[in-house]
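1. Test case, fold it:
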Amino acid sequence: QVQLVESGGGLVQTGGSLRLSCAASGRTFSTYAMAWFRQAPGKEREFVASISRRGGSTAYADSVEGRFTISRDTKNTVYLQMNSLKPEDTAVYYCASARTNYSGTYVGGYDYWGQGTQVTVSS
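-> Numbers count the residues shown, from 1 in each chain. Next up is the predicted model:
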């Protein structure tokens, strides 16, 4: 059974940092791309970042480019380092993976999702 478990969310002040983790199990995730999405109250889920299966290629939403960094290790864990956080980054953050090697920005392209972790940035 495929399972993605996020952790590392919390409350932080504007300008602060957080590091999110996503522990994957149930498949060989090292052979698939991984991604982070987020969803703020009343808004649609949106793409944040993705990383290729070997970590050599990454992509970011314009809103987080230069502030967030996605990475992965060899043990089925994906990270999202978030620096210079802003109140508009407040959302539930989700880890995602696809049955294929899809790594785009489309929510429907992903088949597996974690339960999410709340990130709140106070002003």
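
2. Spatially central residue for the chain, please.
-> Central residue of the chain (C-alpha atoms, centre = their mean): Trp36, 2.2 Å from the mean position.

3. Show me what that residue is bridged to.
-> Under DSSP bridges, the beta-bridge partners of Trp36 are Ala49, Cys95.

4. Can you verify my assumption that it contacts Ala96?
-> Yes - Trp36 is within contact range of Ala96, at 7.3 Å (criterion: C-beta atoms under 8 Å). Every C-beta, even on glycine, is put in place using the N, C-alpha and C of the backbone.

5. circling back: quick one: the residue nearest to the centre of the chain and Val12, what's the gap?
-> Plainly put, Trp36 is 17 Å away from Val12 if you go by C-beta to C-beta, to the nearest Å.

6. Please apply the same query to Ile70.
-> To Val12, Ile70 is 18 Å away according to C-beta to C-beta.

7. of the two, who's got more company?
-> Taking other C-beta atoms under 10 Å, Ile70 and Val12 do not tie; Ile70 has more neighbours (22 against 17).

8. my read: the more buried one touches Val78, true?
-> Yes - contact criterion C-beta under 8 Å: Ile70 and Val78 qualify, at 6.9 Å.

9. intersection of neighbour lists for the two?
-> Residues touching both Ile70 and Val78 (C-beta atoms under 8 Å, 6 or more residues apart in numbering) are Met34, Trp36, Ile51.

10. Can you tell me which of those is closest to Gly8?
-> Checking those against Gly8 by C-beta to C-beta gives Trp36 as the nearest, at 11.3 Å.

11. Distance check, that closest one against Glu88.
-> For Trp36, the distance to Glu88 - C-beta to C-beta - is 16 Å.

12. Ala96 now?
-> Distance, Ala96 to Glu88, by C-beta to C-beta: 21 Å.
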